[in-house]
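Colleague: sequence-free structure coming up:
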């Protein structure tokens, strides 16, 4: 079965297809107890939702419940007493919001299990991934919308380092084609003390996150060769994904704000960034297969960049740097060849806007018709 093409984000509000539950009845389930999933569950509990963190195994759930701390992925953060912790097999049948806190490459396996787990027909599905879904390299909301309908699908982006998010706050973007859903999510995060922008361009927000991860990995792989090369690598990748976003109908300005460049700066400054660290390890000669064990967590860009590069190429967009980064990850391109390509790549020329013939003549005639030019004093009564 062929995977669906990404659905362009509309510029107008989608028809309201469902009514959100009243605040007092809201329940949220977070699938995935990694660092970000755990941090998000803490925020949801603080916001007043009846939140449940669904761990991968029963043993992990039992340990988190007993210790009230995720010592493996988010040490030093106390889990609120009101946050329930259960194994993923417990189900999600009573959840009003289901947050998918798994890497994008794991979504294709998770999605078919949601209905089996009791997903309600009105429950909202919120992707937290910053990558694309195999095998076609589609953004997560595109895949989810095709199966469950766009009106109940959203994503969250923006600079949100997990530990800082629960201690000092973050700057998130809640995006959905359904205005009520985006507003509702923003209100949830605001009640938890987190700034949250609303967006009706989930496709753009997701591609911004994918570009950020790819750019962070690329700059990490290039930094030892010079900051100029690292900056060029990140800039080339953002420009290539920008062109791809336009081709799909997303609004490229989504790549400029919190979800794109804001998130990239936060990642570039964080020495503990998984994607940046993965790039550094690639540059040191460590294979992509070994890197997750070295980092201690999944590294989304290692899986997503080759898929993203192929999807961009299939769409007819030139993406030499993103494609070369995929080859570097696959071990098909040596580091020195990668750096040389980054330094030598020249983006396509600007689309010059030519002035129409007679521009200056028309401007002069317009000025000549001004009151002062005709010998009259200008009207100063206004």
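Modeller: Yes, it's here. No experiment lies behind these values; they were computed from the predicted model shown.

Colleague: Tell me, how many residues neighbour residue 308?
Modeller: Number of residues near residue 308 (other C-beta atoms under 10 Å) recorded here: 30. C-betas here are computed from N, CA, C, even on glycine.

Colleague: centre of the chain versus the one helix or strand it maps to, how much separation?
Modeller: Secondary structure here is read from DSSP states H and E; on that basis residue 308 sits in helix 300-314. The chain centre lies 14 Å from the centre of helix 300-314; the measure is C-alpha atoms, centre = their mean, to the nearest Å.

Colleague: Show me what the helix or strand that that helix is followed by is in contact with.
Modeller: Following the chain from helix 300-314 toward its C-terminal end, the next helix or strand by DSSP H and E is helix 320-329. Helix 320-329 is touched from outside by 214, 217-218, 221, 233, 236-237, 240-241, 282, 288, 302, 305-306, 308-310, 312-313, 333, 335, 338, 341-342, 345, with contacts defined as C-beta atoms under 8 Å, 6 or more residues apart in numbering.

Colleague: Buried members of the residues you listed into ChimeraX, please.
Modeller: With 16 or more other C-beta atoms under 10 Å as the criterion, this ChimeraX line picks the buried residues out of these:
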select :214,217,218,221,233,236,237,240,241,282,288,302,305,306,308,309,310,312,313,333,335,338,341,342
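
Colleague: hey, where'd the helices end up in the stretch 151-300 of the chain?
Modeller: For the stretch 151-300 of the chain, the helices defined by DSSP state H, counting those that start in this stretch cover 162-167, 179-191, 202-222, 227-248, 263-269, 274-283, 291-295, 300-314.

Colleague: quick one, the helix holding residue 308 and helix 320-329 angle?
Modeller: Counting by axes from the mean of the first three to the mean of the last three C-alpha atoms, to 10 degrees, helix 300-314 points 130 degrees away from the direction of helix 320-329.

Colleague: avg pLDDT for helix 300-314?
Modeller: Per-residue pLDDT values over helix 300-314 give a mean of 95.

Colleague: Packing partners of it?
Modeller: Of the remaining helices and strands, those touching helix 300-314 by 3 or more C-beta pairs under 8 Å, 6 or more residues apart in numbering; DSSP states H and E are helix 202-222, helix 227-248, helix 274-283, helix 320-329.

Colleague: what about the last one, average pLDDT?
Modeller: By that I understand helix 320-329. Confidence over helix 320-329, taken as the mean pLDDT, stands at 96.

Colleague: Over to the third one?
Modeller: Rounded to a whole number, the mean pLDDT of helix 274-283 is 93.

Colleague: just the second one next, same as before
Modeller: Per-residue pLDDT over helix 227-248 has a mean of 92.

Colleague: in that helix, what's buried?
Modeller: By neighbour count on 16+ other C-beta under 10 Å, the buried set for helix 227-248 is 229-245, 248.
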